[in-house]
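Asks: One predicted model, sequence on top.
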Amino acid sequence: MSTATIAGTAVERNDEGFFVDPNQWTRDIAVEIAAEDGITTMTDQHWQVIDFMRKEYFEKGTGPTVRVLGKTSGVSVKDLYLLFPKGPAKMAAHIAGIPKPRGCI
């Protein structure tokens, strides 16, 4: 684990860069992480997915898979890959400040 300062806030991250405590997350932090991941503009669809990821995590204890995202987030699987080209579930979880979803490599 390591501490990183993102958007002026010190956050604990695991060895893969995911937040240890999702409660440290803010939208300003998300914008900065997205930029690190190559997403220069967060659109309404990006926020829709990020908000959905966080809601699912806090309700169920894990982030949704790509399949679940595509069926229940209101964003199609095709669009998810356009929004998060390096892997929708993993990349969105990273930006959303939640642990990597089960099944993600």
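Replies: The structure has been received and is ready for your questions. These numbers were taken from a predicted model, which means no experiment stands behind them.
Asks: Sheet partners, orientation included, of the helix or strand in which residue 4 is found?
Replies: According to DSSP states H and E, residue 4 maps onto strand 2-6. Applying DSSP bridges, strand 2-6 is found paired with strand 9-13 (antiparallel).
Asks: which residues touch the partner strand?
Replies: 1-5, 19-21, 24-26, 28-29, 97 (CB atoms under 8 Å, 6 or more residues apart in numbering). In this view, the C-beta of every residue, glycine as well, is placed from N, C-alpha and C.
Asks: starting at the chain centroid, how far to the longest helix seen in the chain?
Replies: Taking DSSP state H as the criterion, the chain has its longest helix at helix 44-60. With CA atoms, centre = their mean, to the nearest Å as the basis, helix 44-60 stands 8 Å off its chain's centre.
Asks: Okay, buried residues for it please.
Replies: Judged by neighbour count (16 or more other CB atoms under 10 Å), helix 44-60 contains these buried residues: 46, 49-50, 52-54, 56-57.
Asks: Repeat that for stretch 28-42.
Replies: Buried residues in stretch 28-42 (16+ other CB under 10 Å): 29-34, 37, 39, 42.
Asks: so which pair among the residues you listed is furthest apart in space?
Replies: Among these, the pair separated by the greatest distance (CB to CB) is 29 and 39, at 13.5 Å.
Asks: Rebuild the buried residues of stretch 28-42 as a markdown table, extending it with distance to residue 73.
Replies: Formatted as a markdown table, the buried residues of stretch 28-42 follow (distance: CB to CB, whole Å):
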| residue | distance to residue 73 |
| --- | --- |
| 29 | 21 |
| 30 | 16 |
| 31 | 20 |
| 32 | 23 |
| 33 | 19 |
| 34 | 17 |
| 37 | 18 |
| 39 | 17 |
| 42 | 15 |
